[in-house]
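Chemist: Could you work out the structure for the sequence below:
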Amino acid sequence: MSLDSVALIVSIEKTFGISIPNAEAEMLATVQQIVDYVYEQIETQPNQKCLSQIVFYRIRKALEQFRNDKKDITPNTKMSEILSETNLASEWKRLEIKLQLKIPDLVDLDLNKTLNKEVKFFGLKLYDRTEPVAENTLRKLIDWIISMNFDKLISIEDISNKYEIERIVCAVVEDSTGVPVSEIKLHHSLTGDLGID
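Modeler: Numbering: from 1, shown residues only. All right, here's what the predicted structure looks like:
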């Protein structure tokens, strides 16, 4: 295992208060495998509260103050459909202030729709720009907000379900790799997709 892999496993162990033997840690190749492993190791405390629903209602209440009709704000609504394209940066900041929670940063393609997705130099593709955050649904935003604010929204001692573990693991992966939580998918390979050696 590389130092990056060890650092990630140590962060997971500290966050959840578990120990992962080296032989088992070497078998954890994707974000989903880490989630599954943690889920098997900890005891969940099921409850009647749905964290994603609580965060959705909080977002909807904030977005209603942006001249949006309540019925137009659903988990499947794209953020770009309810926020002004011309004032996206300022409305995004206002949303974060109203929620009193961290939200993902907008990316170049959110702010300038004329940019090409691919960055080229002398006709050679160097890399793809990060996908626009605002083109995603509120459902994705809810996931990202929960990950970015898990320390405020989830009690580690009272984790109620696997979804909460997923959100925490994504936050730990972001912290360990520097890859924004908005780009981390459960199927991602730690080495191939997230750059952990």
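
Chemist: hey, let's count contacts and neighbours off CA atoms from now on
Modeler: Noted.

Chemist: roughly how far is stretch 28-41 from the heart of the chain?
Modeler: 17 Å (C-alpha atoms, centre = their mean, to the nearest Å).

Chemist: Send over that stretch as CSV, restricted to the C-alpha atoms.
Modeler: Only the C-alpha atoms of stretch 28-41 are listed here, as CSV (Å, rounded to 0.1, in the frame of the first residue of the first chain):
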residue,chain,number,x,y,z
LEU,A,28,-10.5,-1.9,-0.6
ALA,A,29,-10.2,-0.6,-4.2
THR,A,30,-13.3,1.6,-4.6
VAL,A,31,-15.2,4.2,-2.6
GLN,A,32,-18.1,1.7,-2.5
GLN,A,33,-15.9,-1.0,-1.1
ILE,A,34,-14.8,1.3,1.8
VAL,A,35,-18.5,2.2,2.5
ASP,A,36,-19.5,-1.5,2.5
TYR,A,37,-16.6,-2.4,4.8
VAL,A,38,-17.4,0.4,7.3
TYR,A,39,-21.1,-0.5,7.2
GLU,A,40,-20.2,-4.1,8.2
GLN,A,41,-18.0,-2.9,11.1
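
Chemist: Tell me the buried residues in it?
Modeler: 28-35, 38-39 (16 or more other C-alpha atoms under 10 Å).

Chemist: for that stretch, what is the average pLDDT?
Modeler: Summarised as a single mean, pLDDT over stretch 28-41 is 96.

Chemist: same thing with stretch 83-91?
Modeler: Stretch 83-91 comes out at a mean pLDDT of 86.

Chemist: thinking again about what came up before, looking at the buried residues of stretch 28-41, point me to the pair that's furthest apart.
Modeler: Longest distance between any two of the buried residues of stretch 28-41 is 15.8 Å, between A29 and Y39; criterion C-alpha to C-alpha.

Chemist: returning to what we had before: which ones among the buried residues of stretch 28-41 map onto helices?
Modeler: Among the buried residues of stretch 28-41, the members falling in helices (DSSP state H) are 31-35, 38-39.

Chemist: Just put the residues you listed in TSV and tack on distance to V55.
Modeler: As requested, those are arranged in TSV below (distance: C-alpha to C-alpha, whole Å):
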residue	distance to V55
V31	23
Q32	23
Q33	26
I34	25
V35	21
V38	24
Y39	22
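
Chemist: Now flag whichever of those residues is closest to P132.
Modeler: Closest to P132, out of all of those and judged by C-alpha to C-alpha, is V31, at 22.1 Å.

Chemist: Can you give me every residue that contacts the closest one?
Modeler: Remark: with contacts taken as C-alpha atoms under 8 Å, 6 or more residues apart in numbering, V31 is in contact with 169-170, 173, 185-190.

Chemist: any idea which of these has the most stuff around it?
Modeler: Using other C-alpha atoms under 10 Å as the neighbour criterion, C170 leads the contacts of V31 with 29 neighbours.

Chemist: and that residue, what element?
Modeler: helix 162-177 (DSSP states H and E).

Chemist: Distance-wise, check K71 relative to L111.
Modeler: 27 Å (C-alpha to C-alpha, to the nearest Å).

Chemist: I appreciate the help and will end here.
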